[in-house]
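A.B. asks: pasting the structure only:
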């Protein structure tokens, strides 16, 4: 994602989200329970950037002795989320950042609960 004359790269299995703020109904029509909105345990937003996925160990590394030095594997898990998807996620797992006076949330992939995609 480009922000001014900078490029924003999301690392690993994380996503960058533009959050919806404090509504009980999301802009795609999902209703959030009142307790989730009040406790801020679940939040919704639009994914604007994704990381490359979590690195997977090589099968040969698993059988080797743990004290041996291993080279970093180039294989990663494929993430189902895509840029432009709308998502519900666990708010407590998110980290808020500001870029050019706009708020974003960095969320680990494991904290995503549901993804809504236009078809």
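C.D. replies: Structure's in. What do you need? Please read these numbers as outputs of a predicted model, since none were measured by experiment.

A.B. asks: for residue 1, give its distance to residue 119.
C.D. replies: In this view, residue 1 and residue 119 are 23 Å apart by C-beta to C-beta, to the nearest Å. Where C-beta positions appear, they are placed from N, C-alpha and C, glycine not excepted.

A.B. asks: okay, these two: which has more neighbours?
C.D. replies: For residue 1 versus residue 119, neighbours defined as other C-beta atoms under 10 Å are more numerous around residue 1 (14 against 2).

A.B. asks: by mean pLDDT, which helix or strand of this structure comes out lowest?
C.D. replies: Across the helices and strands of the chain, the lowest-confidence element by mean pLDDT, DSSP states H and E is helix 34-39, at a mean of 58.

A.B. asks: pull the residues that contact stretch 48-57.
C.D. replies: Stretch 48-57 is touched from outside by 1, 8-18, 70, 72-73, 75-79, 81-83, 104, 109, with contacts defined as C-beta atoms under 8 Å, 6 or more residues apart in numbering.

A.B. asks: mind doing that once more with 7 Å?
C.D. replies: By C-beta atoms under 7 Å, 6 or more residues apart in numbering, the residues outside stretch 48-57 that reach it are 1, 8, 10-18, 72-73, 75-79, 81, 83.
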